[in-house]
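Colleague: Have a look at this prediction, sequence included:
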Amino acid sequence: MKTNNPNLNINNNVTLVLNASYLPLAVCSSKRALCLYFLNKVDVLMNYDQYIYSPSTRIKVPSVVKLKTYVSYNSLEVVLNRKNLLLRDNSCCQYCGSKSSLTVDHIIPKYKGGSDTWKNLIVACSPCNARKGNRTPKEANMKLMKQPKKPNRFMYFNQFVKDRNSGWKDYLFINRN
């Protein structure tokens, strides 16, 4: 399928997925949302201004979709993985603010009993991570830009609400100011 916008990459475009009860469930690629639409599993509630084309069809790219059947999923948990750590920390080193050569760092090193938790893992650039080594930030005389927190699903969704996705605010209980 082709798009009417050469800058639109359907795989990198995101769509908000709501449960049948209108509660936010996930964010998926717009390509996946279109597949769900063609499989008659979702209703499209909002669209982007772009279209995709096939030889016989022209359809707007979905921005918000709602599942037709309710999915029992009550967790507000965000999975702890590298991608979500990068999202939480805005893809920048929590010691110096650098956005290049990023790694995951344990605030309390593993050998000192540090665990793989949201409150103990941060994003750090390689030079800062090497400088800190197997020490705590205090021992290395390094200061964190902010204390790490465990995100919930709504905080996770907020990062996708940019000018282009401002219509999502109605579904994410975000003030429209």
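Modeller: Right, received. Where do you want to start?
Colleague: which neighbours does the biggest strand by length in the chain have in its sheet, and in what orientation?
Modeller: The strand that spans the most residues within the chain, counting by DSSP state E, is strand 42-53. Strand 42-53 pairs in its sheet with strand 2-3 (antiparallel), strand 58-67 (antiparallel), by DSSP bridges.
Colleague: Run the chain-centre distance for the last one.
Modeller: In other words, strand 58-67. The chain centre lies 19 Å from the centre of strand 58-67; the measure is CA atoms, centre = their mean, to the nearest Å.
Colleague: let's number from 51 now, not from 1
Modeller: Done: numbering now begins at 51, and the last item shifts to strand 108-117.
Colleague: Can I get it in CSV, CA atoms only?
Modeller: Provided in CSV are the C-alpha atoms of strand 108-117 (Å, rounded to 0.1, in the frame of the first residue of the first chain):
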residue,chain,number,x,y,z
ARG,A,108,-8.3,4.6,-0.3
ILE,A,109,-8.5,4.8,3.5
LYS,A,110,-7.4,7.3,6.1
VAL,A,111,-4.7,6.2,8.5
PRO,A,112,-6.3,5.5,11.9
SER,A,113,-5.2,7.5,14.9
VAL,A,114,-7.5,6.0,17.6
VAL,A,115,-9.3,2.6,17.4
LYS,A,116,-11.6,0.8,19.8
LEU,A,117,-11.8,-3.0,20.1
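Colleague: follow-up on the earlier one: convert the C-alpha atoms of the longest strand of the chain to CSV, please.
Modeller: Extracted in CSV, the C-alpha atoms of strand 92-103 (Å, rounded to 0.1, in the frame of the first residue of the first chain):
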residue,chain,number,x,y,z
VAL,A,92,-11.8,-2.6,15.7
ASP,A,93,-13.8,0.5,15.0
VAL,A,94,-11.9,3.5,13.9
LEU,A,95,-12.7,6.6,16.1
MET,A,96,-10.2,9.1,14.8
ASN,A,97,-8.0,9.4,11.7
TYR,A,98,-4.9,11.2,10.7
ASP,A,99,-5.1,13.4,7.6
GLN,A,100,-3.1,11.0,5.5
TYR,A,101,-4.5,8.2,3.3
ILE,A,102,-3.1,4.9,2.3
TYR,A,103,-3.8,3.6,-1.2
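Colleague: buried ones in that strand?
Modeller: Neighbour counts over strand 92-103 (16 or more other CB atoms under 10 Å) mark 92, 94-98, 100-102 as buried. In short, each C-beta sits where N, CA and C put it, glycine included.
Colleague: Quickly find the element holding Asn179.
Modeller: helix 176-182 (DSSP states H and E).
Colleague: what's that helix in contact with?
Modeller: 143, 145-146, 148, 151-153, 155, 174, 190, 192 (CB atoms under 8 Å, 6 or more residues apart in numbering).
Colleague: Can you name the element that comes right after it?
Modeller: Heading C-terminal from helix 176-182 (DSSP H and E), you reach helix 203-208.
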